[in-house]
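**Student:** when you get a sec, could you give me coordinates for this:
(2 chains)
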Amino acid sequence: MTSDLGSGGSAPDFGLVAAGGRKGHDPAPDTAEAGNVPPVNPSVTALRRQFPDGVLRNRVCAGDQDVVHIDSGRVAEILRWLHETPDQHYDHLADVTAVDHGGGRPIEVVYQLWSIPQRSALRVKCELPLDALEIESVTGIWQGANWLEREVYDLFGVHFRGHPDLRRILMPENYAEGHPLRKDFPLRGRFSRAEQTRRALTQDPEDYYMPGEIGERTPQVVASGADDGDEAKASGAGAGGEGEADVL
Amino acid sequence: MGVANPGLPGAGTPAFLTTRLDFVVNWARRNSLWPMPFGTACCAIEMMASAASNFDLARFGMERMSFSPRQADVLICAGRVPYKLAPVLRRIWDQMMQPKWCISMGACASSGGVFDVYSMVQGIDTIVPVDVYIPGCPPRPEGLIYGLMMVQEKIRGESLADHAALRAEDPLGAGRPRAGDEEVADLTGPFGNSTDQNRVSGLVETGAIGRPEDRLP
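**Tutor:** So this is what the prediction gives:
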């Protein structure tokens, strides 16, 4: 952990290294600290060289965790480069999450990447203003982003463009109180407890299963004339067809 | 069954007959309680410990944890229940056959516990009727055994004459909250440290039922 900067900023920001174009949301970084902490991960310099205007700033967090802030409009392009460039090869998307700092500040979407061959971690962040919570999905790059992005959508209300199945994953399907991890969300929800209880009990537990898991099971009795029922069985017994062996 | 109704004309000493019958029936019921374990959290670990050899629930007739609600007599809800799980709990309760009892094990099942938040049922008594509440976080196995023995005591006091009042179920109530709106508001009121939290923490005014005492000045 870097030294305590003691700045008067409202958000804790440890060892911020300012580089490139900054967006004026965060408190100003300690200029004496700027540039003093070189990135641990060589991917950061490569990323800066490849996307000089896509990377907004980077810093080192918690000793050796590189954090790169990127332009939210180019997230798919930059992450695809990180995924597919042989020198980078970030083939494991460990987590997608988001942070709401409150006070009208933008929501940060966080991608935690891990490269299995390089054994290196990289944290990529991009900021979304509260009135435009929309970002490109990375499910085309990592299949595993599917549920992670659903979780971010469920709890923060970030819409992922191009997601194949963007719906709630943790909260009930009929949940109508908003996105609970936002800072402006009341701790106990927006509805009264009675309303919440009533709404909860209108759910059907079977909604949580895939259609194939319940409902149509494979029939155990293989019969040719399913509709005829007993008559078909009786006639089949008389005829002694080969279908009888399946029934018994 | 005629003996279940003490008001039958011609029954000479109905009180004597029903009390003897009550004794036999209650003795049978209370010594063969099959629990339906509904374990969702750490309380379930203690429930498992209660059934294991050190504490040995089978001594009291809870011989077999019945993992099907259809054969179970007492529902043990051990652990926190989120709203997403509430319809499942209610359906399991509806599937159990009469006579049936319910134990709310631990602080979370009984009152929501420390989880006084948007996603958690504030006491399962808003959803199903509860006979015995066991305090603790989690309760020791002795606590669960004591709670089960309290259910046994409750059964000992029951009478077949009250059968209709005790055991009648309204089919329309299946899948619905047990408590009405006012009762839910009473039951789910803030407990403990949560009185210091404001209900509406953000800028958005909500349509929630106003609880002025919940708001910070």
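**Student:** which residue comes closest to A:T139 once chain neighbours are left out?
**Tutor:** Distances taken as C-beta to C-beta, 6 or more residues apart in numbering or on different chains put A:A145 closest to A:T139, at 4.8 Å, once the chain neighbours are dropped. Where you see a C-beta, it was placed from the backbone N, CA and C, and this is true even at glycine.
**Student:** let me see the contact set for the one you found.
**Tutor:** A:L93, A:V96, A:S137, A:V138, A:T139 (C-beta atoms under 8 Å, 6 or more residues apart in numbering or on different chains).
**Student:** and which of those residues is nearest chain B?
**Tutor:** A:V96 (20.8 Å; C-beta to the nearest C-beta).
**Student:** how close does the closest one sit to A:A145?
**Tutor:** According to C-beta to C-beta, to the nearest Å, A:V96 and A:A145 sit 6 Å apart.
**Student:** and what of B:D125?
**Tutor:** According to C-beta to C-beta, B:D125 stands 41 Å off from A:A145.
**Student:** contacts for stretch A:73-80, please.
**Tutor:** Contacts of stretch A:73-80 (C-beta under 8 Å, 6+ apart): A:47, A:51, A:54-55, A:70-71, A:90, A:109, A:111, A:113, A:124, A:126, A:135-138, A:140-141.
**Student:** try 6 Å
**Tutor:** A:F51, A:G54, A:I70, A:C126, A:I135, A:E136, A:V138, A:I141 (C-beta atoms under 6 Å, 6 or more residues apart in numbering or on different chains).
**Student:** which residue packs closest to the first one, ignoring adjacent ones?
**Tutor:** The reference is to A:F51. A:I78 (5.7 Å).
**Student:** wasn't the one you found part of a strand?
**Tutor:** No - counting by DSSP: H, G, I helix; E, B strand; the rest coil, A:I78 is not part of a strand but helix.
**Student:** give me the number of residues near it?
**Tutor:** 20 (other C-beta atoms under 10 Å in any protein chain shown).
**Student:** tell me which other helices or strands the lowest-mean-pLDDT helix or strand in chain B touches.
**Tutor:** When the helices and strands of chain B are scored by mean pLDDT, DSSP states H and E, helix B:163-167 comes last with a mean of 78. On a contact count with 3 or more C-beta pairs under 6 Å, 6 or more residues apart in numbering or on different chains; DSSP states H and E, helix B:163-167 meets no helix or strand.
**Student:** what are the buried residues along it?
**Tutor:** B:H163 (16 or more other C-beta atoms under 10 Å in any protein chain shown).
**Student:** top helix in chain A by residue count?
**Tutor:** The longest helix of chain A (DSSP state H) is helix A:145-156.
**Student:** what segments of chain A are strands?
**Tutor:** Ranges of strands in chain A, per DSSP state E, are A:55-61, A:65-70, A:92-100, A:107-115, A:120-128, A:134-136, A:159-161.
**Student:** scratch that, chain B
**Tutor:** So, for chain B - with DSSP E - the strands run B:35-39, B:74-78, B:101-105, B:132-134.
**Student:** save those as JSON lines, and put in mean pLDDT too.
**Tutor:** Shown next, in JSON lines, are the strands of chain B (pLDDT from 0 to 100):
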{"stretch": "strand B:35-39", "mean pLDDT": "92"}
{"stretch": "strand B:74-78", "mean pLDDT": "94"}
{"stretch": "strand B:101-105", "mean pLDDT": "94"}
{"stretch": "strand B:132-134", "mean pLDDT": "93"}
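**Student:** related to what we said a few turns ago, what pLDDT does the residue nearest to A:T139 get?
**Tutor:** On the pLDDT scale, A:A145 is placed at 92.
**Student:** do I have it right that A:H89 meets A:S115?
**Tutor:** Yes - counting by C-beta atoms under 6 Å, A:H89 does reach A:S115; the two are 5.3 Å apart.
**Student:** so which bits of the longest helix of chain A are buried?
**Tutor:** Result for helix A:145-156 [16+ other C-beta under 10 Å]: buried residues A:A145, A:N146, A:L148, A:E149, A:R150, A:E151, A:V152, A:Y153, A:D154, A:L155, A:F156.
**Student:** do stretch B:173-193 as well
**Tutor:** Buried residues in stretch B:173-193, counted by 16+ other C-beta under 10 Å: B:G175, B:P177, B:R178, B:A179, B:V184, B:A185, B:L187, B:T188, B:G189, B:P190.
**Student:** which outside residues touch that stretch?
**Tutor:** A:193-194, A:197-198, A:201, B:90, B:94, B:111, B:122-123, B:126-129.
**Student:** which of these are buried? Put it as a ChimeraX command.
**Tutor:** Here is the ChimeraX selection string for the buried members of the contacts of stretch B:173-193, based on 16+ other C-beta under 10 Å:
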select /A:193,194,197,198,201 /B:90,111,122,123,126,127,128
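**Student:** got JSON lines for the contacts of stretch B:173-193, with distance to A:Y209 and pLDDT too?
**Tutor:** Listed next are the contacts of stretch B:173-193 as JSON lines, based on distance: C-beta to C-beta, whole Å; pLDDT from 0 to 100:
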{"residue": "A:R193", "distance to A:Y209": "28", "pLDDT": "84"}
{"residue": "A:A194", "distance to A:Y209": "28", "pLDDT": "85"}
{"residue": "A:T197", "distance to A:Y209": "23", "pLDDT": "88"}
{"residue": "A:R198", "distance to A:Y209": "23", "pLDDT": "88"}
{"residue": "A:L201", "distance to A:Y209": "18", "pLDDT": "88"}
{"residue": "B:R90", "distance to A:Y209": "17", "pLDDT": "91"}
{"residue": "B:D94", "distance to A:Y209": "19", "pLDDT": "90"}
{"residue": "B:S111", "distance to A:Y209": "31", "pLDDT": "87"}
{"residue": "B:Q122", "distance to A:Y209": "27", "pLDDT": "89"}
{"residue": "B:G123", "distance to A:Y209": "28", "pLDDT": "89"}
{"residue": "B:T126", "distance to A:Y209": "25", "pLDDT": "90"}
{"residue": "B:I127", "distance to A:Y209": "21", "pLDDT": "91"}
{"residue": "B:V128", "distance to A:Y209": "23", "pLDDT": "91"}
{"residue": "B:P129", "distance to A:Y209": "28", "pLDDT": "91"}
